[in-house]
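Peer 1: need coordinates for the below:
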Amino acid sequence: MKIIMHQGSQQFVMRGRSEIQLSKSENEGGEYKFDNTFLNGPKEFKEFAKRLWKNNIIEVWE
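Peer 2: Here you go, the predicted structure:
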């Protein structure tokens, strides 16, 4: 999964893997990394991106 945010010509990218629910008690994935622009950017951007990630992270396989 990837989240990209823009401010003017600056691009902030968060990359990682979706979390897959393998069973009721077992998940895999879900980790993410911020690029340097995000790490050095406004903390509000990181907080917003983390909320987006959390709300869209899980894929359920039935």
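
Peer 1: tell me what the closest residue to Glu28 other than its chain neighbours is bridged to.
Peer 2: Of all residues not flanking Glu28 in the chain, Ile20 sits nearest, at 5.1 Å (CB to CB, 6 or more residues apart in numbering). All C-beta atoms are positioned from the backbone trio N, CA, C, and that covers glycine. Beta-bridge pairing for Ile20 (DSSP bridges): Glu28, Glu59.

Peer 1: repeat for Tyr32
Peer 2: Bridge pairing for Tyr32 - DSSP bridges - gives Gly16.

Peer 1: so it sits right up against Trp53, yeah?
Peer 2: Yes. Tyr32 lies in contact with Trp53 (CB atoms under 8 Å); the separation is 5.9 Å.

Peer 1: shared neighbours, these two?
Peer 2: Taking CB atoms under 8 Å, 6 or more residues apart in numbering as the contact criterion, the common neighbours of Tyr32 and Trp53 are 1, 14, 16.

Peer 1: tell me the least confident of those?
Peer 2: Among the shared contacts of Tyr32 and Trp53, Met1 carries the lowest pLDDT, at 91.

Peer 1: can you count the residues close to that one?
Peer 2: Met1: 16 surrounding residues under other CB atoms under 10 Å.

Peer 1: the nearest residue to it once chain neighbours are set aside and Gly41, how far apart?
Peer 2: Once flanking residues are discounted, Met1 sits nearest to Ser18: 4.9 Å by CB to CB, 6+ apart. Using CB to CB, to the nearest Å, Ser18 is found at 24 Å from Gly41.

Peer 1: can you give me the helices in this protein?
Peer 2: For the chain, the helices defined by DSSP state H cover 36-40, 43-56.

Peer 1: now those helices in JSON lines, with mean neighbour count and distance to Asn27?
Peer 2: Formatted as JSON lines, these follow (neighbours: other CB atoms under 10 Å; distance: least, CB to CB, whole Å):
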{"stretch": "helix 36-40", "mean neighbour count": "12", "distance to Asn27": "24"}
{"stretch": "helix 43-56", "mean neighbour count": "13", "distance to Asn27": "13"}
